[in-house]
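> Attaching a predicted model along with its sequence, questions to come.
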Amino acid sequence: MELIKLLRRVEIFTGLTEEQLAKLASVFEERTLQKDEVLFLQGDIGDALYLVQEGFVVVILESSGRSSGRTLIQLGPGQSVGEMALVDRGPRSATVRAVADGTRVARISFEAFEALCEEEPEIGYRVMRNIAADLSFKLRHQHLQNQ
């Protein structure tokens, strides 16, 4: 039940019914990370979306010529990372690692999401529409900052 409550708060799952949220929650896998444990590396193939349940993860942009990457953002409970993996399975644009011991994340793989969408197309439509709206907002915001 705890995961369903969290899913209700995540923007990319806005508009889903309680029944749809329950079906979505059933295909997530939970994982606990230790401090500094890497969730995924920049350049890895995107194969899943992750939802922070407890604790925090940090998103790091690696760059050649620097011994350590640049921290972009810290994400906590109810925030997601890796959304683009549900869209195109392209390479990860950043590295993500746990900030502290006991960081819990829920993972939905591309394959599990795709199978769920085949069974429940309305879920896929809503989630993809929400991802597109989020990306559109971020691109517009970035464009305005660069002017």
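That came through, no problem. Numbers count the residues shown, from 1 in each chain.
> In contact with the most centrally placed residue in the chain, which residues are there?
In the chain, the C-alpha nearest the mean C-alpha coordinate belongs to Val81, at 2.6 Å (C-alpha atoms, centre = their mean). Contacts for Val81 (C-beta atoms under 8 Å, 6 or more residues apart in numbering) come out as 39, 49-50, 52, 57, 59, 75, 96. (Each C-beta comes from the backbone N, C-alpha and C, glycine too.)
> Could you tell me the model confidence score at Gln145?
pLDDT recorded at Gln145 is 61.
> Glu37 too?
For Glu37, the model assigns a pLDDT of 96.
> Now it. Its backbone dihedrals?
Note on Glu37: its backbone torsions stand at phi -70, psi 130 [degrees, to the nearest 10].
> For the nearest residue to it once chain neighbours are set aside, give me phi and psi.
Nearest residue to Glu37 in three dimensions, chain neighbours excluded: Ala98, at 4.8 Å (C-beta to C-beta, 6 or more residues apart in numbering). When read as degrees, to the nearest 10, the backbone of Ala98 gives phi -70, psi 140.
> Let me know the closest of the contacts of Val81 to Leu116.
Minimum distance to Leu116 across the contacts of Val81 is 12.1 Å, recorded for Leu49 (C-beta to C-beta).
> and Ile108, how many neighbours?
Counted by other C-beta atoms under 10 Å, the residues lying close to Ile108 total 22.
> Name the SS class of it, please.
Here Ile108 is recorded as strand under DSSP: H, G, I helix; E, B strand; the rest coil.
> can you pull the pLDDT of it?
We have a pLDDT of 95 for Ile108.
> do Arg70 as well
78.
> That one contacts Ser63, doesn't it?
Yes. Contact criterion C-beta atoms under 8 Å: Arg70 and Ser63 qualify, at 6.9 Å.
> And the nearest residue to Val87 once chain neighbours are set aside, how far from Met84?
Spatially, and ignoring its direct neighbours in sequence, Val87 is nearest to Ile131 (6.4 Å; C-beta to C-beta, 6+ apart). For Ile131, the distance to Met84 (C-beta to C-beta, to the nearest Å) stands at 8 Å.
> Could I get the pLDDT score of the residue nearest to Thr103 when sequence neighbours are not counted?
Among residues not flanking Thr103 along the chain, Gly55 sits closest, at 3.2 Å (C-beta to C-beta, 6+ apart). For Gly55, the model assigns a pLDDT of 96.
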